[in-house]
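# kindly generate the corresponding structure for this input.
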Amino acid sequence: MYTEDWDEPEILQQQPQESSQTRTFGGRGRGRGFKPIESANPGMRDKSTEKNNDDNSYWVEDVTSNDSFKPSRKTDNFKSNRRGQTNGTGFSKDHSQEGEKPKRQVYVPQEISNDENELFSNGISSGINFNKYDDTEVKVSGENIPNKISKFDEAGLSSLVMTNIKKSSYKKPTPIQKHAIPIIMSGRDLMACAQTGSGKTAAFLIPIVNSLLEEESLPNEDDGVATPQVLVVTPTRELAIQIYIEAKKFTFGSALMTEICYGGTAVRHQMNKVQSGCNLLIGTPGRLSDFLKRKVFTLSEIRYFVFDEADRMLDMSFLTQVEEFLNHPTVNKNNDPRILMFSATFPEEVQRLATKYLRDYLFLAVGVVGGACTDVEQRFYPISKFDKRTKLIELLGERGSGKTLVFVEKKRTADIIAAYLSEKDYPATSMHGDREQVLREEALKDFKSGRMDILVATAVAARGLDIKNVSHVINFDLPRSVDEYVHRIGRTGRVGNRGLATSFFDAEADSALAPELVRILAQAQQEVPDFLQQYCRNGSWTGSASKFGGRDIRVI
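Residues are numbered from 1 along each chain as shown. Below you'll find the predicted structure:
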């Protein structure tokens, strides 16, 4: 199960976590020490609404809270403040009125700027190896396959979409875009898999936005209920935000409205924004399901269902919500909504499940599905768990400019390693599923902006995130599956840029993964270390790309 970023059905969100999530980290020599973030402790404020200093996000009282809410009894190392003792949740206990329940504070995220320069400045530019994409093998199966395009202007896109493509600094389509754009524009269901960093988001947003612009008028709400034409569902909050920003780029200058909803944020705030109307609605399964039940939006006008990271959307974690959306009674079958599924992997069991919903679909596989990008140099060091910290400092000292993303397996380890690096004068921040949403977004913002050059994260950051100038990914802990490994190292070497991925191999914990790591290295035409080979001599890995969905299960 994909449990790192479970998006809870809300109105009652999970109770606030322990104070470890209210930390930020910075090197002593740079004036940013290991300390609590005041903005993460809303109980220390009197005001019901208070802006943060550096953006337009803020805290509000949760007017939707239920009487069943009770503060956590957990304690931690928070010190008392002058107004009362903290209870270990970041909220103050006010003893002035015994028995009165504390007012719950919730986070209203920063609004995404509509400024043209700011909106279009965050994309990753194509790298030195971008033209190698033309040699990538592409397989399309199904009946009546549309012709691929070689240039964006061959797709018959509107002038507004073409303008926004140019503003996004897209020079020519990637292999998945060459095929997916005409397939979607022809009105077909699609199951598409391609390596990480291959341009999957633009591959579905460009044709969808273009099709909406072709209709003269589209309703976006009906008597206070949103009526989106597009529903994009993704497993993590950070990926939802990223897709939302990309959607705003491609709809820029049009009348189309895009909204987002995801967990960990103020329910009422997002509810009001969605109810004001939207044509594209992007979100995580839990919050979308909750809003659909509350009739915040309806699916009566839906034209497209998009499931990003669809292999995760169709596992047992989110299958219930996927079926709820597709089978919802408000779906107007006369609109013949298309179903689009995108992922880096499509295992056979997931494909079989997907065929329950897809009709006359095309299967698109780009490159070595389940394999690593050849633009990422992969290095492995045999090391015991006791020596990992020393080696990490050594590697960071050797690297020059650029951002470093460090992956660990446990949430607690992320905070510990970030604090350790900060004490060694390597400013770092952490990101994982137990951190409050405000701190997750703040950590990612600091990393993207360059305020922090090092982000220590769990699997929550492994899928789909596009971050500029990530030159080095370090697997402090290797994951349990090779699929997760591929997603992790895919945070670097994106869109033809070169990257480096370094992994610490602890034989006691990682030997079972060795055969599949050997396969990944061989497929990427990289040298396989002898110490990895020794774990394969008694029966090397004999699987094939089909394990990861490299072939259409309909084709024998």
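
# contacts, neighbours, all on C-alpha from now
Fine.

# could you list the domains of the protein?
Taking automatic domain parsing as the domain assignment, the record places the domains of the chain at 121-366, 376-545.

# for Glu111, which of these is the nearest?
Nearest to Glu111 among the domains of the chain is domain 121-366 (10.5 Å), distances taken as Cα to Cα.

# gap between the two ends of that closest one?
In terms of Cα to Cα, to the nearest Å, the two terminal residues of domain 121-366 are separated by 28 Å.

# ok now it, how far from the chain's centre?
Averaging C-alpha coordinates over domain 121-366 and over its chain gives two centres that are 14 Å apart (Cα atoms, centre = their mean, to the nearest Å).

# tell me which other helices or strands the host helix or strand of Ile184 touches.
Under DSSP states H and E, the secondary-structure element containing Ile184 is helix 175-185. Under the contact criterion of 3 or more Cα pairs under 8 Å, 6 or more residues apart in numbering; DSSP states H and E, helix 175-185 touches strand 190-194, helix 200-214, strand 362-366.

# can I get that helix as CSV, trimmed to CA atoms?
Listed next in CSV are the C-alpha coordinates belonging to helix 175-185 (Å, rounded to 0.1, in the frame of the first residue of the first chain):
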residue,chain,number,x,y,z
PRO,A,175,8.4,11.2,-27.5
ILE,A,176,5.4,10.7,-25.2
GLN,A,177,4.0,14.1,-26.3
LYS,A,178,4.5,13.3,-30.0
HIS,A,179,2.1,10.3,-29.6
ALA,A,180,-0.2,11.2,-26.7
ILE,A,181,-1.2,14.6,-28.0
PRO,A,182,-2.8,13.3,-31.2
ILE,A,183,-4.2,10.3,-29.4
ILE,A,184,-6.0,12.4,-26.9
MET,A,185,-7.2,14.9,-29.5
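
# hey, which of the helices and strands packed on helix 175-185 is tucked in deepest?
strand 190-194 (a mean of 26; mean count of other Cα atoms under 10 Å).

# contacts only, for the residue lying closest to Leu517 once chain neighbours are set aside.
The spatial neighbour of Leu517 that comes closest, neighbours along the chain excluded (Cα to Cα, 6 or more residues apart in numbering), is Val482 at 6.8 Å. Remark: with contacts taken as Cα atoms under 8 Å, 6 or more residues apart in numbering, Val482 is in contact with 513, 516-517.

# who wins for proximity to Gly283 among the helices and strands packed on helix 175-185?
With respect to Gly283, and counting by Cα to Cα, the nearest of the helices and strands packed on helix 175-185 is helix 200-214 at 14.2 Å.

# counting contacts, what elements does the closest one pack onto?
helix 159-167, helix 175-185, helix 237-250.

# could you export the ones you listed as a markdown table, including mean neighbour count, distance to Glu309 and mean pLDDT?
What follows is the helices and strands packed on helix 200-214, written out as a markdown table (neighbours: other Cα atoms under 10 Å; distance: least, Cα to Cα, whole Å; pLDDT from 0 to 100):
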| stretch | mean neighbour count | distance to Glu309 | mean pLDDT |
| --- | --- | --- | --- |
| helix 159-167 | 17 | 23 | 97 |
| helix 175-185 | 24 | 15 | 97 |
| helix 237-250 | 22 | 10 | 95 |
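
# any chance of those in TSV, plus distance to Arg440?
TSV is the format used below for those (distance: least, Cα to Cα, whole Å):
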stretch	distance to Arg440
helix 159-167	29
helix 175-185	31
helix 237-250	8
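
# and Tyr357, which of those helices is closest to it?
Closest among the helices and strands packed on helix 200-214, using Cα to Cα: helix 175-185, at 16.4 Å.

# residues in contact with that closest one: which ones?
Taking contacts as Cα under 8 Å, 6+ apart, the residues outside helix 175-185 that touch it are 133-134, 136, 138, 145-151, 155, 190, 192, 194, 198-200, 202-204, 206-208, 211, 362, 364, 366.

# next, the angle from it to strand 362-366.
With axes from the mean of the first three to the mean of the last three Cα atoms, to 10 degrees as the basis, helix 175-185 and strand 362-366 are set at 170 degrees to each other.

# so where's the stretch 201-350 of the chain uncertain?
Per-residue confidence for the stretch 201-350 of the chain (pLDDT under 70) gives these ranges: 316.

# the residue lying closest to Arg463 once chain neighbours are set aside - how many residues pack around it?
Counting by Cα to Cα, 6+ apart, His487 is the residue found nearest to Arg463 once chain neighbours are left out, at 5.8 Å. Under the neighbour criterion other Cα atoms under 10 Å, His487 is assigned a count of 24.

# now do the one 3 residues further on
Residues contacting Gly490 under the criterion other Cα under 10 Å number 28.

# just to check, it is in contact with Cys373?
Yes - in this structure, Gly490 sits in contact with Cys373. The criterion is Cα atoms under 8 Å, and the distance is 7.0 Å.

# on that earlier part again, Ser217 is nearest to which of the helices and strands packed on helix 200-214?
Shortest distance between Ser217 and these, using Cα to Cα, is found for helix 159-167: 16.2 Å.

# let me know the angle separating that closest one from helix 237-250.
For helix 159-167 against helix 237-250, the angle by the same axes, to 10 degrees is 120 degrees.

# now helix 159-167 and helix 200-214, what's the angle there?
Going by the same axes, to 10 degrees, helix 159-167 makes 160 degrees with helix 200-214.

# for helix 159-167, name the packing helices and strands.
Based on contacts counted as 3+ Cα pairs under 8 Å, 6+ apart, the elements that helix 159-167 packs against are helix 200-214, helix 237-250.

# try 10 Å this time
Applying 3 or more Cα pairs under 10 Å, 6 or more residues apart in numbering; DSSP states H and E, we find helix 159-167 packed against helix 116-119, helix 200-214, helix 237-250.

# pull out the CA atoms of that helix and give them to me as CSV.
Extracted C-alpha coordinates of helix 159-167, given in CSV (Å, rounded to 0.1, in the frame of the first residue of the first chain):
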residue,chain,number,x,y,z
SER,A,159,-2.9,30.0,-31.1
LEU,A,160,-3.4,30.6,-27.4
VAL,A,161,-2.1,27.1,-26.5
MET,A,162,0.8,27.5,-28.9
THR,A,163,1.7,30.8,-27.3
ASN,A,164,1.7,29.3,-23.9
ILE,A,165,3.8,26.3,-25.1
LYS,A,166,6.4,28.8,-26.3
LYS,A,167,6.3,30.8,-23.0
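
# about what we covered before: are any of the contacts of Val482 buried, and which?
If you count burial by 16 or more other Cα atoms under 10 Å, the buried members of the contacts of Val482 come out as 513, 516-517.

# redo those residues as TSV? Include pLDDT.
Converted to TSV, the buried ones among the contacts of Val482 look like this (pLDDT from 0 to 100):
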residue	pLDDT
Leu513	94
Glu516	92
Leu517	95
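
# got a markdown table for these, with distance to His269 too?
Supplementary listing: the buried ones among the contacts of Val482 in a markdown table, determined by distance: Cα to Cα, whole Å:
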| residue | distance to His269 |
| --- | --- |
| Leu513 | 45 |
| Glu516 | 46 |
| Leu517 | 45 |
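
# any idea which of those residues is closest to Tyr170?
Distance from Tyr170 was checked for each of the buried ones among the contacts of Val482 by Cα to Cα. The minimum falls on Leu517, at 32.9 Å.

# elements contacting the helix or strand where the closest one lies?
Mapping Leu517 onto the secondary structure by DSSP H and E places it in helix 514-523. Here helix 514-523 touches strand 376-382, helix 482-489, helix 530-533, going by 3+ Cα pairs under 10 Å, 6+ apart.

# circling back to that earlier point, now the helices and strands packed on helix 159-167 in TSV, please, with extra columns for distance to Leu340.
Rendered in TSV, the data for those read as follows (distance: least, Cα to Cα, whole Å):
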stretch	distance to Leu340
helix 116-119	26
helix 200-214	8
helix 237-250	15
